[in-house]
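Student: Fold the following for me, if possible:
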Amino acid sequence: MLVIIPTAGIGSRLDLHTKNFNKSMIQLGDTPVISKIIDSYPKNTRFIIITGYKGFHIKEYLNLVYPLKKIKIVNVKLFDGPGSGLSYSLSQALSYINEPFFFHANDTIFTDKNFFKNNKKKDTMFLHRENCDTMKYSTVEINKNYKKIHNKLNYLRKDYFNYTGVGFVSDVGKFKKIMKNYKVNEGELSYFKSLDPNKIEFRFIKGWFDIGSKETKENAEKYFSNSKSILPKYDQGIFFKKDKVYKFFTNKETIKKRFERAKLLNPFVPKLIKKTKYFYIYKFCDGIVFSKLKNKNKEFSKLLDWLKINFWKKIKLNNVKQLAFEQKCNSFYYEKSLSRINYLYEKNNIYDQAELINNSKTPKISRLFEKINWREINKGVPVNFHGDLHFENIVKNRNKIILLDWREDFSGIKKYGDIYYDLAKINHGLIIDHSVIKSSKFKINTNGKKIKINFFQSKENKDCQKKLFSFIKKSGYSAKKVKILTALIFLNIAGLHHYPYSIFLYYLGKLMLHKSVNEK
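Tutor: Numbers count the residues shown, from 1 in each chain. The predicted structure follows:
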């Protein structure tokens, strides 16, 4: 069996979601879209995958995850602008197509098992009965005496059937001829439109997800979400295949630095098996993430003690190095925060102003920054730090603690960072945990300068927060400093998330900062 998957396009409808990687690398549950497609076919299936936009990510992933599969990668240089398109991409792969095949669009996922059976001889188009949208999809019009295949139309009809982007092509010679001499960039649809509709088999699929637009992508993400509480991100992913974990970053410098830091953090983090330009790999860690522990309250106190005794080893610095470290803290806390907040303003078309947030008069961010004692904030305590320490990144396996998804550096420093940042990261995860995001357990209402925000925080997390600040006090650290840094974390990450969650995080961080700087 042969399957052709075109992945060359830029996925313009997904905007920020495909700015840094191809839409076939979008995370759905444990794996990216490309794996969802490949894994839906029999093991001995051969694939031709046409790459273009960000194709190097796809190629590297396939080589790592499917080393034994017969996959031919065809790279096309023209994937955007005049002359590009699906017909052009298919025309570049014709020399490798020598038998009937399945065409499978890279934004289509079927949950129906064995959809490919009994389709090895007759031309077939896979359709969907529900939610017909002639302006979004190619469609098929079917009635008792008439069948017709339509491209996307400039008007809406609800009585046609959506074409899912999957079809079986039986006449390879005819397909090649059409693709060689195409005049309209319709891709495989040109082939099906050239046939007698009465001789095409139209099969209806029940479970179909299209990830080509933001709305339909989010529906697919909800369906494929799992117990690992993975939050899709714009520049990275974490994929699970068999007993291995594949961490993906679009920035190859991040991969390089994380790989190097893993050696420094040994034995507290998983041992990395392999590193490529855009991936590092480690064996799946058995155990339970802290967010899923039944006796989290009891275990949290033990975790803090373990971190203090075993992990947060203090680093002694001389006066010169301590001063340099404090300058790094200033860059990490002050300069980065300003940059990230400005990015949020530009991205969401908002600006710095005084507002009434939850009935609390909150001044401008610039005014709040003036009230922060930056000299005190930047007096960091250098320790062996993690950098993203929340419950989803902490695994308990019996009496062993394993830390995941460590930060690559602290403002360029690999060997140590500020313990206050780790403490603030723990606090931020106790305020807004992953379940709040996944289940949208937050609300925001903006009415001019009047802002209302609300979110769910479990009693268990509130109890853990009390234990955290008790630990902070007993250890001689500043609770106020942790609260200010927690607020800055929310302000920093706001622009990295989707709307309206991004705006919610911004106003949450701003309100927390206002309360923290005024706390005695």
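Student: Only C-alpha atoms from now on, for both contacts and neighbour counts.
Tutor: Noted.
Student: Sketch out the low-pLDDT regions of the stretch 51-200 of the chain for me.
Tutor: 119-120 (pLDDT under 70).
Student: and Arg340, what is it in contact with?
Tutor: Neighbouring residues of Arg340 by CA atoms under 8 Å, 6 or more residues apart in numbering: Leu491, Asn492, Ile493, Gly495.
Student: What is the nearest of those residues to Phe249?
Tutor: Phe249 has its nearest neighbour among these in Ile493, at 17.1 Å by CA to CA.
Student: hmm, back to that, same list (the contacts of Arg340) but as TSV, adding pLDDT and secondary structure.
Tutor: Below are the contacts of Arg340 laid out as TSV (pLDDT from 0 to 100; DSSP: H, G, I helix; E, B strand; the rest coil):
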residue	pLDDT	secondary structure
Leu491	97	helix
Asn492	96	helix
Ile493	94	helix
Gly495	89	coil
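Student: who wins for most neighbours among these?
Tutor: Leu491 (28 neighbours; other CA atoms under 10 Å).
Student: Just list the residues touching that one, thanks.
Tutor: Contacts of Leu491 by CA under 8 Å, 6+ apart are Ser337, Arg340, Ile341, Leu505, Tyr506, Gly509, Lys510.
Student: Nearest to Arg367 among those residues?
Tutor: Lys510 (11.1 Å).
Student: Need the nearest residue in space to Pro100, chain neighbours excluded.
Tutor: Ser170 (4.7 Å; CA to CA, 6 or more residues apart in numbering).
Student: Report how many residues lie close to the one you found.
Tutor: Count around Ser170 with other CA under 10 Å applied: 18.
Student: Surely it is in contact with Phe103?
Tutor: No: with contact defined as CA atoms under 8 Å, Ser170 does not reach Phe103; the gap is 10.8 Å.
Student: Could you check how far the residue nearest to Pro100 is from Trp406?
Tutor: From Ser170 across to Trp406, the span is 50 Å (CA to CA, to the nearest Å).
Student: cool, and Lys19?
Tutor: Applying CA to CA, the value for Lys19 to Trp406 is 24 Å.
Student: Just checking: what are the partner strands of the longest strand along the chain?
Tutor: Longest strand in the chain, counting residues (DSSP state E): strand 161-169. Sheet pairing for strand 161-169, assigned by DSSP bridges, gives strand 101-104 (antiparallel), strand 124-128 (antiparallel), strand 139-142 (antiparallel).
Student: so where do the strands sit in the stretch 151-300 of the chain?
Tutor: For the stretch 151-300 of the chain, the strands defined by DSSP state E, counting those that start in this stretch occupy 161-169, 201-204, 208-210, 236-241, 244-249, 272-275, 279-283, 288-289.
Student: Tell me where the stretch 401-520 of the chain has helices.
Tutor: Here the stretch 401-520 of the chain has its helices, by DSSP state H, counting those that start in this stretch, at 419-431, 434-438, 459-474, 479-494, 501-517.
Student: Using PDB, list the CA coordinates for the longest one.
Tutor: Included here for helix 501-517 are C-alpha records, laid out as PDB according to Å, rounded to 0.1, in the frame of the first residue of the first chain:
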ATOM      1  CA  TYR A 501      -5.700  33.200  28.000                       C
ATOM      2  CA  SER A 502      -2.900  35.600  27.100                       C
ATOM      3  CA  ILE A 503      -4.900  38.600  28.200                       C
ATOM      4  CA  PHE A 504      -6.100  36.800  31.300                       C
ATOM      5  CA  LEU A 505      -2.500  36.100  32.400                       C
ATOM      6  CA  TYR A 506      -1.500  39.700  31.800                       C
ATOM      7  CA  TYR A 507      -4.200  41.100  34.000                       C
ATOM      8  CA  LEU A 508      -3.600  38.400  36.600                       C
ATOM      9  CA  GLY A 509       0.100  39.300  36.700                       C
ATOM     10  CA  LYS A 510      -0.600  43.000  36.800                       C
ATOM     11  CA  LEU A 511      -3.100  42.700  39.700                       C
ATOM     12  CA  MET A 512      -0.700  40.400  41.600                       C
ATOM     13  CA  LEU A 513       2.200  42.800  41.000                       C
ATOM     14  CA  HIS A 514       0.100  45.700  42.300                       C
ATOM     15  CA  LYS A 515      -0.800  43.800  45.500                       C
ATOM     16  CA  SER A 516       2.800  42.500  46.000                       C
ATOM     17  CA  VAL A 517       4.700  45.800  45.700                       C
END
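Student: now it: how far from the chain's centre is it?
Tutor: The chain centroid and the centroid of helix 501-517 are separated by 23 Å, computed with CA atoms, centre = their mean, to the nearest Å.
Student: That one - contacts with which helices or strands?
Tutor: strand 360-362, helix 365-371, strand 442-447, strand 450-455, helix 479-494 (3 or more CA pairs under 8 Å, 6 or more residues apart in numbering; DSSP states H and E).
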